[in-house]
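Chemist: Take a look and give me a structure for this.
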Amino acid sequence: MIKNIYNKKLNKYLVFILFLIIGLTVYDDYGFNIDEQFQRSSGFYWLNYISEYFNFNQLAFLAKEKLNNISGFTLDPINYYNKYGIAFDVPAAILELSFKLDSPIEYYHARHLLTFFYFYVGLIFFYKILINRFHREEVAIFGTILLFITPRLLGDSFQNTKDIIFLTFVIISSYYYFKIVDFPSKKNIILFSLFSAISTTIRLFGFFFPISYIIFYFISFSKKNYYKKMVHIFLVLFLFLIFLILFWPLLWENTVENFLSYFKVLGDFMNVKVLFFNNYYRSNLLPYSYLPIWIIISTPIFHLILFLLGFTTILIRFFKRFINIKNNSIYSDFWRGKSEKKDFFIFFNFLAILCGIIFLNIKLYNSWRIAYFLYFFIIYFATFYFNLFFFQLRNIKSGYKIFAKIFCIFFVLLTSYRTVIYHPYQSLYFNVLTPNKIKNSVEVDYTGLSSIEFLKDTVKQNKNENVIKIGVASWYPIWRMLELLNSVDSKKIRIIENSENYTSDYIYTNRISEVDKRYNKKYNIPDNFIKYKELNIDGAIIYEAYKKKK
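Modeler: Alright, predicted model coming up:
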């Protein structure tokens, strides 16, 4: 018995050590996200603001100096787009100053590594959630592995400094909600409120956590401990608002006015055209099918099957609970005990957030990365069914159990293999059943992760040239990537205006457009160019490169 427990704990440590080794090994393989320069700027903006607020003059000076040296934005000044919280960007700015990282390649790689560490913490808390709910080491390890090998999450865990960070805080917030269900102590309430507030500073979806906490009281038909529950509700709301203001410097002055300004920026920001099945839509007028279809085509098949089985099982269970609710009965709620209440929390939030995104026309672009935090719920449902399935196998012959385990191991290895195939473009993953025609009728490399590879290859092919003229046949400011090349190579490159593409030596396109290319010829390739390279992974075209005919 003791040996068995020891082996299970050893397996847990080995799995997390493996996750860490993988992260430390590959973090510098990935391309650079178009948003990274903006997020770095945001970090130094808020570090300067906080330092001046508390009279940390030396730190304020260093942050201001860094901020003034960041140039090349096509957006309005950072003091207009300053609405994001500080959960990642300020620690990243402090890290850059502390280690005196002055080279762009150094501080962006450091940010990539820091992003992975946040994701790694999220994996640890996801494991803790699964242990808390299912009480089985092998189930918790399996679910955590599923989350880690989700290709789009893994790829983004090295360069997406908003959505991956939000995912991590969503997981931590959910863990402390589970702890409140187990024991509603002041410590658990404080931590739940804290991490819910930090989540909200990153994405407003974080509001769902305190709201769902309150809703759960009102949909509970059991009125025991009424006064105590009302005190807890007041405490959660009060602490949430305090922590929200504390970790969101935007609200330190003119709190209400600045909070409302956040919504104005959301309305102004990135209302662009989105390619979806070869049609162009405004990002706030996407079809209702946009998010469900993206989830289906970009999630591994094994994940999807387990998710659908788990979600359906919980849906049926709670429907039965609802129709069987009786007054003056010990069964007077949607749930039977703490475990089912935790399941219902996940079920309710997933359904509410998913429907809210779809039917309120929340702006989505670049696939569905803004909603990647939904993977937490998807993998939870998948793990729920995995646990249920193997629980039902307890009284079945051992041969069937072995076959089922081999089946699961096979699909985990298959997903891992396909994740390796996409490396280092896991962010652009499509599952094995998605036809190539569909892969290339939607946006793929929106953030330009491939551009640095193109630039390095082009310089390498023309190492004897003094000047290399490069045009871009897509909506993508490739000149932002020049700082990531060494000074000799970056000086060789001249970025040509789109209207003058015919004069360039090479043209890069990641096939992203802010105009409808069926009618607007802005990004047409000139006739005097031929395609000489196409980065195609598993049928998905990542980028195309053209050169002038001789």
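
Chemist: Spell out the secondary structure type for Lys533.
Modeler: At Lys533 the chain is in strand, as set by DSSP: H, G, I helix; E, B strand; the rest coil.

Chemist: In space, what's closest to it - neighbours in sequence excluded?
Modeler: Nearest residue to Lys533, sequence neighbours excluded (CB to CB, 6 or more residues apart in numbering): Ala545, at 4.1 Å. Any C-beta I mention is one placed from the backbone N, CA and C, and that applies to glycine too.

Chemist: Verify the assumption that the one you found is located in a strand.
Modeler: Yes: counting by three-state DSSP, Ala545 is part of a strand.

Chemist: What is the burial count for it?
Modeler: Ala545: 20 surrounding residues under other CB atoms under 10 Å.

Chemist: contacting residues for it?
Modeler: 454, 457-458, 506-509, 531-534 (CB atoms under 8 Å, 6 or more residues apart in numbering).

Chemist: got the buried residues for the worst-scoring helix or strand of the chain on mean pLDDT?
Modeler: Least confident helix or strand of the chain, by mean pLDDT, DSSP states H and E, is helix 255-268 with a mean of 77. When neighbours are counted by 16 or more other CB atoms under 10 Å, the buried residues of helix 255-268 are found to be 258, 262.

Chemist: do the same with stretch 182-191
Modeler: Neighbour-count burial for stretch 182-191 flags 184, 188-189, 191 (criterion: 16+ other CB under 10 Å).

Chemist: Next, format those as CSV and append distance to Arg111.
Modeler: CSV is the format used below for these (distance: CB to CB, whole Å):
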residue, distance to Arg111
Pro184, 38
Asn188, 32
Ile189, 33
Leu191, 27
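
Chemist: Filter those down to just the ones in helices.
Modeler: Mapping these onto helices (DSSP state H) picks out 188-189, 191.

Chemist: Would you mind measuring from Phe373 to Tyr49?
Modeler: Phe373 sits at a distance of 27 Å from Tyr49 (criterion: CB to CB, to the nearest Å).

Chemist: neighbour count winner among the two?
Modeler: Taking neighbours as other CB under 10 Å, Phe373 and Tyr49 compare with Phe373 leading, 25 against 21.

Chemist: So the more buried one sits against Val170, correct?
Modeler: Yes: in this structure, Phe373 is within contact of Val170 by CB atoms under 8 Å, at 4.8 Å.

Chemist: which neighbours do the two share?
Modeler: Counting by CB under 8 Å, 6+ apart, the shared contacts of Phe373 and Val170 are Phe205.

Chemist: Find the residue ranges of this structure scoring beneath the pLDDT cut-off.
Modeler: 1-8, 72-81, 220-225, 265-271, 325-333, 393-399 (pLDDT under 70).

Chemist: Walk me through the domains of it.
Modeler: Listed by automatic domain parsing, the domain ranges of the chain are 293-444, 451-548.

Chemist: what's the helix or strand for Thr312?
Modeler: helix 301-323 (DSSP states H and E).

Chemist: What are the buried residues along whatever helix or strand comes next after that helix?
Modeler: Later in the chain than helix 301-323, the nearest helix or strand by DSSP H and E is helix 337-359. Within helix 337-359, the residues scored as buried using 16+ other CB under 10 Å are 340-350, 353-354, 357-358.

Chemist: what's next to helix 337-359, contact-wise?
Modeler: Residues from elsewhere that reach helix 337-359 (CB under 8 Å, 6+ apart): 132-133, 174, 177-178, 181-182, 205, 208-209, 212, 215-216, 288, 290-292, 311, 314-315, 317-318, 321, 333-335, 362, 364, 371, 374, 377-378, 380-381, 384.

Chemist: and those, which are buried?
Modeler: Buried, going by 16+ other CB under 10 Å: 132-133, 174, 177-178, 181, 205, 208-209, 212, 216, 290-291, 311, 314, 317-318, 321, 333-335, 362, 364, 371, 374, 377-378, 380-381, 384, out of those.
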